[in-house]
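Peer 1: need coordinates for the following:
(chains A and B)
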Amino acid sequence: MSLRRYAVRRLAIGAVQVLAVVTVVFLLVQALPGDAAVALAGDNPDPRRIGEIRAAMGLDRPALDRFGSWLWGLAHGDLGVSLVSGRPVVAFLLDGLGPTLVLAVLALVLLVPLSVLLGVVAALREGGVVDRITTAITVGLHSIPEFALAVVLIALFGVHLRWLPPTAVGADLLAQPAVLVLPLVVLLARPVCSISRLVRAGMIDALASDHVRHARRLGIGAQRIRFAHALPNALAPAVQQVARTTDWLLGGVIVVEAVFVVPGLGTILVDAVAARDLPVVQGLAVVFAVTTVLVNLVADLIGFRLAPRSVAIA
Amino acid sequence: MRGVGALLVTVPLLLALAGPWFVPDDRTRGGPFMPNSWLGTDFVGRDVWHQVLAGGRTVVLVALLATLLSYLVGVPWGVVAAMSRPRVVDDLLMRPLDLLLAVPSLLVLILTATIAGPGLPVLVGVVTLVNFPDVARIFRGAALEIAGRPALEAMRLQGESWWRTSIVYPGRSMVRTLAADSGVRLTGALYLVASASFLGVGVPPDAADWAVMVDRNRVGLFLQPWAVVVPAVLIVALSVGLNLVFDRALRAEARS
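Peer 2: Below you'll find the model as predicted:
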């Protein structure tokens, strides 16, 4: 199968996947107890008032009807308006996308070189002191809950030593890079561990493989063997994990945003679910599903480029 | 290095499991965030040390229960999908799970927990829901691999009973998959339970729970850092320690 046909087929499957995810989320939000009308009517709800708000918002129409018109709008690039504030959903998403993108891009820019470097260094000194120490650290930090690490770091560097601002509340992320340091460290802690371990394992395998041994017999220099012949093969498995991480970062990292008070997509999601703001939740689901599909597609294409035979069968 | 993992696990685990027995019955409340006792008081004036003693059990038990339940649901799910003769069953069972895996897990978690309301059973259920698709996928793969082994073919040709070829041999082979997977699964569940409780999913806002303590006492970080740092460090220690212990066990197993 050629690369282009593969990409087209994957895009088609991806469109179906987006539709399915959106349907699931619609059904889940339908099942939420109470709706935006109840949430809007306040603490002391009057049934008649709730009925009026419902009729005004179109919540009294059958669910299928509403889902249909919502899909119709989606086909035209219209995600509807927020039930709570009346603002277009697209405006919400654009607001949240800024901070989320800043964090995601910076995290990725640091993540890839750092984890590849750690993995390669550990692999080249397999069994050595450096390898044992990095392995212990990466194994240990592998599934550490972000909020716990975050508050320990905030207490130490933000409160006790006063080196860094404890939260990003009200700050312009790009104008004050200091507020980004702690969130980035917390965001990187888990992915660096998982990816550097994959790179290490891949590199050890690649260095022991037949083609590398053959390259050695041909008298090719050690550096060239390591970086031109072994490394690309070692990276192929790690690409999938980088894709998952990218997906996670773009999905609005709810916990990190909550701890550091960053107004990204994750914060918008939590607020929208609390307010039963169905159109906003739906819009976010579309964004999450589309990024998942696209990120995985790009990862597969990169994987194909790095190690053609590994993807060709799929 | 050898003892570090074990030590990191033992301290929080002992506190979590035995702690609730050492909490005195008559607890007086003081002012919020006061440094008057060993670890001071929390956001509503409760003694932080008592809260620490009382708050670990839910985190640990919910993570354990959710892991157990993920296997109880996920393993049969995957094995049935792999072994079923009409291949349609396989698609019917596995396709919906692909979908569940494509939705961000915290989105599933927040939505389902809001639907079902608070309560520890809900938290167990939601973490299971997020975890079991992965279990099903792994065990489907393992079952497919085992079904294709020459050893099984040979057993069939020798006329071994259905019980031995379909239950005993695959079961014994899958124990290894289970052992390799359980560490990752348990630490993953611990991560999800703690993160969910921190976000206020499935637990009452004043619960005695390490993750809830971290969230609620954050406002007093400048006044009374112990109320936040102690439970956070305990969660970190438990997570790091579990990872180290399981990794060591796994590597020892791989060597033998």
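
Peer 1: from B:Arg248, how far off is the nearest residue to A:Asp131 once chain neighbours are set aside?
Peer 2: Counting by Cβ to Cβ, 6 or more residues apart in numbering or on different chains, A:Ala122 is the residue found nearest to A:Asp131 once chain neighbours are left out, at 4.4 Å. C-beta coordinates here come from the backbone N, C-alpha and C atoms, glycine included. Distance from A:Ala122 to B:Arg248, counting by Cβ to Cβ, to the nearest Å: 17 Å.

Peer 1: ditto for B:Thr187
Peer 2: From B:Thr187 to B:Arg248 the distance is 14 Å (Cβ to Cβ).

Peer 1: the two - which one has more neighbours?
Peer 2: Between B:Thr187 and B:Arg248, counted using other Cβ atoms under 10 Å in any protein chain shown, B:Thr187 has the larger neighbour count: 25 against 17.

Peer 1: nearest residue to that one other than its sequence neighbours?
Peer 2: Sequence neighbours aside, A:Ser143 is the residue nearest to B:Thr187 in space, at 4.2 Å (criterion: Cβ to Cβ, 6+ apart).

Peer 1: and that neighbour, what does it touch?
Peer 2: Residues near A:Ser143 by Cβ atoms under 8 Å, 6 or more residues apart in numbering or on different chains: A:190, B:184, B:187-188, B:190-191, B:239, B:243.

Peer 1: and A:Glu126, how many neighbours does it have?
Peer 2: Residues near A:Glu126, counting by other Cβ under 10 Å: 15.

Peer 1: for the stretch 101-250 of chain A, which spans come out with low pLDDT?
Peer 2: Scanning the stretch 101-250 of chain A for pLDDT under 70 picks out A:170-171, A:173.

Peer 1: please repeat the previous calculation with a cut-off of 90.
Peer 2: The stretch 101-250 of chain A contains residues with pLDDT under 90 at A:101-105, A:112, A:116-250.

Peer 1: chain B contacts on that one?
Peer 2: Proximity of the stretch 101-250 of chain A to chain B, by Cβ under 8 Å from any Cβ of the partner chain, involves residues A:132, A:136, A:139-149, A:151-152, A:154-155, A:159-160, A:166, A:247-248.

Peer 1: helices of the stretch 51-200 of chain A, residue ranges please.
Peer 2: A:63-75, A:89-124, A:129-141, A:146-153, A:178-207 (DSSP state H, counting those that start in this stretch).

Peer 1: which residues does the fourth one contact?
Peer 2: By Cβ under 8 Å, 6+ apart, the residues outside helix A:146-153 that reach it are A:182-183, A:185-187, A:189-190, A:253, A:255-256, A:258-260, B:194-195, B:198, B:211, B:214-215, B:218, B:221, B:228-229, B:232-233, B:235-236, B:239.

Peer 1: count of neighbours near the nearest residue to B:Glu253 once chain neighbours are set aside?
Peer 2: Spatially, and ignoring its direct neighbours in sequence, B:Glu253 is nearest to B:Ala179 (6.9 Å; Cβ to Cβ, 6+ apart). Using other Cβ under 10 Å, B:Ala179 is surrounded by 13 other residues.

Peer 1: ok, so of the contacts of A:Ser143, who is nearest A:Asp271?
Peer 2: B:Tyr191 (23.5 Å; Cβ to Cβ).

Peer 1: part of a helix, is that closest one?
Peer 2: Yes - per DSSP: H, G, I helix; E, B strand; the rest coil, B:Tyr191 lies within a helix segment.

Peer 1: which residues touch it?
Peer 2: A:143-145, B:239.

Peer 1: and it, how far from B:Arg255?
Peer 2: 28 Å.

Peer 1: check A:Val130 too.
Peer 2: 22 Å.

Peer 1: quick one, which of these two is more surrounded?
Peer 2: A count of neighbours by other Cβ under 10 Å puts A:Val130 above the other of A:Val130 and B:Arg255, at 14 against 6.

Peer 1: from what I can see that one touches A:Val121, true?
Peer 2: Yes - assessed by Cβ atoms under 8 Å, A:Val130 is found in contact with A:Val121 at 6.2 Å.

Peer 1: could you pull out the helices for the stretch 101-250 of chain B?
Peer 2: B:105-116, B:120-147, B:150-157, B:162, B:169-198, B:210-216, B:226-255.

Peer 1: quick one: the second one near chain A?
Peer 2: No - interface with chain A: helix B:120-147 contributes nothing (Cβ under 8 Å from any Cβ), its closest point being 11.2 Å away.

Peer 1: centre of the chain to that helix, how far?
Peer 2: Put simply, helix B:120-147 sits 12 Å off its chain's centre (Cα atoms, centre = their mean, to the nearest Å).

Peer 1: any idea which residue sits dead centre in the chain?
Peer 2: Going with chain A. A:Trp248 (1.8 Å; Cα atoms, centre = their mean).

Peer 1: ah, no, chain B please
Peer 2: B:Ala189 (2.4 Å).

Peer 1: low pLDDT regions in chain B?
Peer 2: For chain B, the ranges with pLDDT under 90 are B:1-63, B:74-256.

Peer 1: and the helix ranked longest in it, what does it pack against?
Peer 2: Ranked by residue count, the top helix of chain B under DSSP state H comes out as helix B:48-83. The contact analysis (3 or more Cβ pairs under 8 Å, 6 or more residues apart in numbering or on different chains; DSSP states H and E) places helix B:48-83 against helix B:2-18, helix B:87-102, helix B:120-147, helix B:169-198, helix B:210-216, helix B:226-255.

Peer 1: how far off helix B:226-255 does that helix point, in degrees?
Peer 2: Angle, helix B:48-83 to helix B:226-255, by axes from the mean of the first three to the mean of the last three Cα atoms, to 10 degrees: 40 degrees.
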